[in-house]
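Enquirer: here's my sequence, what's the structure:
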Amino acid sequence: MRRLWLAIALLTMWGHPLAAQDRVLTMLAELVNAPGAPGFEDSVRHLMVDYMKPMATRVTYDGIGSVIAQQGTTGPRIMVDAHMDELGGVVRRVTPAGFLSMQMLGGWFDQALVDQRWVIIGSKGPVHAVTGIRDIHVAAPEERTRVFPRESIFLDVGASSDAQVKAMGISPGDPVVPDAPFIVLNGTNNYLAKAWDDRIGCAVLIEVMRRLEHTSHANTIYYAATVQEEIGLRGGQTAASIVKPDIGIALEVGIVKDVPGVQAEEAQEVLGGGPGVFLYDASALPSRKLVAFVKETAAGASIPLQFDFITGYGEDGAAIQKTDGGAPIVNLVIPTRYTHAHNGIINRADFDRMVDLVTALVTKLDAPTVARLRDYAP
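Expert: Residues are numbered from 1 along each chain as shown. Now for the predicted structure:
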């Protein structure tokens, strides 16, 4: 299966200048093109283990499928987290006429679901599908501006009977993911794909591990690629209960303001403006001391920072900070356009700067620094 998704990744980059097809570009394409709905992260997990294992002191797993790669064996326990799952769904029912209903997994807009291409991962391999849409030639005038509820949406795989669907290897419970392959967007430094949330964070984990593979650091770093974040921060909680971190750093996507229709108080980030730091989200408040440490480290490395407050958001840091008596956490984000949809956009410079930032942070988190960050005595 990995070879299939690697072939897809390479095909989607075909035709771009060879100079643009660097190692990181190939890795990003592999990660976002792999299917990984919540609870069905197998393909992504295989990729992450293949990348991380050669650079790790050891690799372990929690009880629901998160990957925990360790570098080092002494010093404070630093957990760097990114989730592997993406928004998706599962097949609910197959009708006698060969159409499929779908249970959505994660926070979808209903208006983002119609007339989209999808991939169902059946027992015989990937099956392509499209969500149906009403034909405008027969729709009543009031339907033209209506948002159709997800309960009315169906998957069309080209079958004319439930028997044909079964012959394709599809049955209820099979995972469904968007069909939106990676591309370099028109020769720019912007990349278009599904699943940046949070494969871009997974890619940061890999690149930070690569930077530190042969570098000494005064701590033990646990790189957690977690599962089922989109349906309740589940892997963040289970992985953190194993790691028992002294410090937690969650890596996520940020929300940008540089697109039409975003109000002034809804988001503060821009694409290409550098890594972001969430000062508030609906699930967690970061440690004030840790935020100050991030600012100080970024300034010392000349890394631009953006800051944001997002009211409708949840992330693994919220689960990490409540584990084993509590740990200071911060949520670092890469600005992303069009999250929780088929097609999102990230900027390569933001990614590279995030790798620089996280590498600098974990390198400086020695025992005295961690003790200071965890000291709440008045």
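
Enquirer: for the stretch 1-150 of the chain, which segments count as strands?
Expert: When secondary structure is read from DSSP state E, counting those that start in this stretch, the stretch 1-150 of the chain shows strands at 58-61, 67-71, 77-83, 88-94, 99-105, 117-122, 125-131.

Enquirer: possible to save the ones you listed as TSV with mean neighbour count, distance to G273 and mean pLDDT?
Expert: Where you see a C-beta, it was placed from the backbone N, CA and C, and this is true even at glycine. Conversion of those to TSV gives the following (neighbours: other CB atoms under 10 Å; distance: least, CB to CB, whole Å; pLDDT from 0 to 100):
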stretch	mean neighbour count	distance to G273	mean pLDDT
strand 58-61	14	34	98
strand 67-71	23	30	98
strand 77-83	27	20	98
strand 88-94	21	29	97
strand 99-105	20	31	96
strand 117-122	21	31	98
strand 125-131	18	34	97
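
Enquirer: what's the domain layout of this structure?
Expert: Each domain of the chain is listed here as a residue range: 2-86+181-373, 88-178, per automatic domain parsing.

Enquirer: would you check how far apart G98 and G173 are?
Expert: If you measure G98 against G173 using CB to CB, to the nearest Å, the figure is 17 Å.

Enquirer: and the two? Which one has more around it.
Expert: Here G98 and G173 are set side by side on neighbour count (other CB atoms under 10 Å), and the busier one is G98, at 20 against 10.

Enquirer: any idea what sits nearest that one, other than its immediate chain neighbours?
Expert: Excluding its sequence neighbours, the residue lying closest to G98 (CB to CB, 6 or more residues apart in numbering) is A159, at 3.4 Å.

Enquirer: is it true that I231 touches M104?
Expert: No - when contacts are counted by CB atoms under 8 Å, I231 is not listed as touching M104 (10.0 Å).

Enquirer: do a quick rundown of the helices in the stretch 201-350 of the chain.
Expert: Ranges of helices in the stretch 201-350 of the chain, per DSSP state H, counting those that start in this stretch, are 234-243, 288-300, 317-320, 348-364.

Enquirer: reformat those as CSV; add mean neighbour count and distance to V270.
Expert: Conversion of the helices of the stretch 201-350 of the chain to CSV gives the following (neighbours: other CB atoms under 10 Å; distance: least, CB to CB, whole Å):
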stretch, mean neighbour count, distance to V270
helix 234-243, 25, 27
helix 288-300, 16, 16
helix 317-320, 28, 23
helix 348-364, 21, 10
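
Enquirer: need the ones you listed in TSV (columns: distance to R117).
Expert: Shown next, in TSV, are those (distance: least, CB to CB, whole Å):
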stretch	distance to R117
helix 234-243	28
helix 288-300	39
helix 317-320	33
helix 348-364	25
